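Chemist: sequence-free structure coming up:
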């Protein structure tokens with residue numbers, strides 16, 4: 001395992017100077033440290049968040065090193081391939097890539113920002129964009145926004161106009177985390193530290209935030225920022241039975257409430273609505289199927305949407 005203790009000490013030193021408003025006094029050393037962090041992020045050796053034996057941990061010192069680039073940078077104008085120009089800090093340009101990079105960035109509007117890792121075989125299609133600190137696994141297709149510091153597993157697919165939320169501040173906040181073989185349909189998105197485990201499928205239009213409960217009638221559960229909760233079913237007698245579901249206050253499996261719901265492996269999630277305690281409608285995505293392999297995905301999603 002690589003020893004980053006020296007780099008960590010330098011990041012902490014310059015971060016202290018930054019908080020004291022004295023960073024400009026040692027700008028050259030701070031800039032060298034910042035660029036070292038960014039190079040290691042791009043190579044995938046460093047990550048802003050990484051898996052542990054049973055959870056994930058946020059590497060706050062890595063994020064602190066990344067964020068040194070904001071006070072160290074100067075705003076410059078970049079000339080595009082057309083009459084369009086871009087203005088950003090010169091410490092956060094688009095990544096430099098060559099023919100040996102092992103991934104594709106398809107014109108005209110896909111891009112990778114400095115400090116993001118893109119694995120082998122990844123394809124970024126218009127309007128795909130990987131923001132700083134993002135880590136995208138091998139062979140993943142990105143056609144939407146991969147927000148800052150997000151962690152996306154191998155062989156996943158983020159369809160057109162999808163949004164993976166980013167997080168730079170607060171420094172210890174969890175990013176959005178996607179497992180392997182995750183599929184997001186068009187115009188769907190996950191933000192505020194929501195976690196999708198391996199093989200999860202979001203149908204078009206599903207959006208999950210920290211405040212979004214996801215109900216699972218199959219298992220009689222609801223997945224919320226508080227954790228896994230019971231789901232009660234009430235039968236309303238009409239000509240045909242109408243089922244109404246209520247999320248019980250009791251939490252069966254607690255989790256850190258600072259990040260969004262965690263959706264279990266293989267869940268197929270479609271859009272839904274529910275009636276709040278105030279009598280208003282709210283977005284409540286629903287698990288309708290579980291799959292065990294990516295080969296089942298297309299059929300299971302179509303069947304779920306038609307049923």
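Modeler: Here it is on my side, so go on. Source: prediction; values computed, not measured.

Chemist: mind checking the longest helix of this structure?
Modeler: helix 27-43 (DSSP state H).

Chemist: what comes up buried for that one?
Modeler: For helix 27-43, burial by neighbour count (16 or more other Cβ atoms under 10 Å) applies to 30, 31, 33, 34, 35, 36, 37, 38, 40, 41, 42. C-beta here means a position set from N, CA and C on the backbone, and glycine is covered the same way.

Chemist: If you average the pLDDT over it, what comes out?
Modeler: Helix 27-43 shows a mean pLDDT of 96.

Chemist: next SSE after it?
Modeler: strand 49-51 (DSSP states H and E).

Chemist: now for the following helix or strand past that following strand, which elements pack on it?
Modeler: Downstream of strand 49-51, the first helix or strand assigned by DSSP H and E is strand 56-58. Contact here means 3 or more Cβ pairs under 8 Å, 6 or more residues apart in numbering; DSSP states H and E; on that basis strand 56-58 packs against strand 49-51.

Chemist: quick one: average confidence on the strand it packs on?
Modeler: 93.

Chemist: Quick one: residues contacting residue 25.
Modeler: residue 17 (Cβ atoms under 8 Å, 6 or more residues apart in numbering).

Chemist: how near is it to residue 52?
Modeler: Using Cβ to Cβ, to the nearest Å, residue 25 is found at 37 Å from residue 52.

Chemist: what ranges do the strands span in the stretch 1-150 of the chain?
Modeler: 49-51, 56-58, 75-79, 85-89, 104-105, 111-112, 117-118, 123-124, 129-130, 135-136, 141-142, 145-146 (DSSP state E, counting those that start in this stretch).

Chemist: Would you list the strands that the third one pairs with, along with their directions?
Modeler: Listed by DSSP bridges, the sheet partners of strand 75-79 and their directions read strand 85-89 (antiparallel).

Chemist: how about the nearest residue to residue 250, chain neighbours excluded?
Modeler: Distances taken as Cβ to Cβ, 6 or more residues apart in numbering place residue 230 nearest to residue 250, at 6.0 Å, with adjacent residues excluded.

Chemist: Hmm, residue 221 and that neighbour touching each other?
Modeler: Yes: using Cβ atoms under 8 Å, residue 230 makes contact with residue 221 at a distance of 6.8 Å.

Chemist: Settle it for me: which of the two has more neighbours?
Modeler: For residue 230 and residue 221, the more surrounded residue by other Cβ atoms under 10 Å is residue 221, and the numbers stand at 20 against 14.

Chemist: tell me the contacts of the more buried one?
Modeler: Counting by Cβ under 8 Å, 6+ apart, the residues that residue 221 touches are 215, 228, 229, 230, 231, 252.

Chemist: Pick the one among the buried residues of helix 27-43 closest to residue 142.
Modeler: Proximity of these to residue 142 (Cβ to Cβ) peaks at residue 42, which lies at 15.8 Å.

Chemist: from memory the closest one sits against residue 114, does it?
Modeler: Yes: shown here, residue 42 and residue 114 form a contact pair, counting by Cβ under 8 Å, at 7.5 Å.

Chemist: Spatially nearest residue to the residue nearest the centre of the chain (excluding sequence neighbours)?
Modeler: In the chain, the residue lying closest to the centroid (Cα atoms, centre = their mean) is residue 176, at 3.1 Å. Closest residue to residue 176 apart from its sequence neighbours, by Cβ to Cβ, 6+ apart: residue 150 at 4.6 Å.

Chemist: in stretch 165-182, what counts as buried?
Modeler: For stretch 165-182, using 16+ other Cβ under 10 Å, the buried residues are 165-168, 173-182.

Chemist: ok, residue 152 touching residue 140?
Modeler: Yes: here residue 152 reaches residue 140: they are 5.9 Å apart, a contact under Cβ under 8 Å.

Chemist: Bridged to residue 77, which residues?
Modeler: According to DSSP bridges, the partner residues bridging residue 77 are residue 87.
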